Structures are given as structure tokens and as C-alpha cells.
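Chemist: Pasted the sequence and its predicted model underneath.
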Amino acid sequence: MVARMESRWKEWEQPLLILSFALHPSYKLQKFCTTAQNLTWTHIGQWLKYYYESWFDSKPTSILAELIKYKRGEDPYDIDSFNQFKNNLVDFWESTSGIGPELARVAINIHGICVNSASVE
């Protein structure tokens, strides 16, 4: 069983899974070991830029600045604002699109992926 799970893990795009946690206001990177050298907000920013360019065929112009505001929990990225959406991630990110359109666009794409439509299924 472990071998099958590890095989599937290797097939899936791990950055997307990590981004899904990082772009969840209740989790961010708190659920990961902070000593992991290749798991920092800098890496999150690199993956965001990569997926933005891949999905939307254009270079982001403000996604890193938006990420910093999100990381700091500045309004509208604070937990109190998120709690108003009763854990509805897509609605939360749609509500932030006026302030952080690029970050919201990537987050909506990530959180809009149905688990059973993942490539390894």
C-alpha cells in the first residue's frame, strides 16, 4: 500500500498540493516543518509565478506583493475576514480579487480543482 501511495505521490504535481495548503487562510505554511529548506514563502512565490504564467499565458505583475500581504494577514486576508465565508475558499478568494487579482486568480484555480479530477485518479 505504501509503495502505491508513494508512486501516486510522485505522479502528482506536489507544488499544487503545497500551494493549496499555503493558500488556505487557516493553514498557510503552519502545517509544514519550518526547517524544510525548499519550502519557504520564496518558493511559494516562485510556484505562483510559474502557475500564473502557465495557466493564464501572461506574466504576473503584482502576485508577489499580493502574496506578502496575504502572508502577513493584512485585510482582507485576515482570519476574521475568511471566517465570514464559513470555509468557502472560492468565495473568499473571489472577495479578495479587487485587492489582489493575480493571487486570487491562482487561488481560485487551485481551490476549484475537484479532488477526483486530479490527474492521478
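Modeler: Thanks, I have the structure now.
Chemist: What residues does the nearest residue to I79 once chain neighbours are set aside make contact with?
Modeler: Distance criterion Cβ to Cβ, 6 or more residues apart in numbering; nearest residue to I79, sequence neighbours excluded, is P25 at 5.9 Å. (Glycine included, C-beta is placed from N, CA and C.) For P25, the contacting residues are G73, Y77, D78, I79, F82, F92, by Cβ atoms under 8 Å, 6 or more residues apart in numbering.
Chemist: quick one: secondary structure of the closest residue to the third one other than its chain neighbours?
Modeler: It stands for D78. Using Cβ to Cβ, 6+ apart and skipping residues adjacent in sequence, the residue nearest D78 is P25, 7.9 Å away. Classification of P25 using DSSP: H, G, I helix; E, B strand; the rest coil returns coil.
Chemist: out of the contacts of P25, who's nearest E53?
Modeler: E53 has its nearest neighbour among these in Y77, at 22.7 Å by Cβ to Cβ.
Chemist: which residue sits closest to P76, ignoring its sequence neighbours?
Modeler: That would be T96: by Cβ to Cβ, 6+ apart, it lies 5.1 Å from P76.
Chemist: for I99, what are its contacts?
Modeler: Applying Cβ under 8 Å, 6+ apart, the residues near I99 are E66, K69, P76.
Chemist: May I ask which helix or strand encompasses the second one?
Modeler: Secondary-structure assignment from DSSP states H and E places K69 in helix 63-72.
Chemist: list the helices and strands that helix packs on?
Modeler: Contacts defined by 3 or more Cβ pairs under 8 Å, 6 or more residues apart in numbering; DSSP states H and E place helix 63-72 against helix 41-56, helix 101-111.
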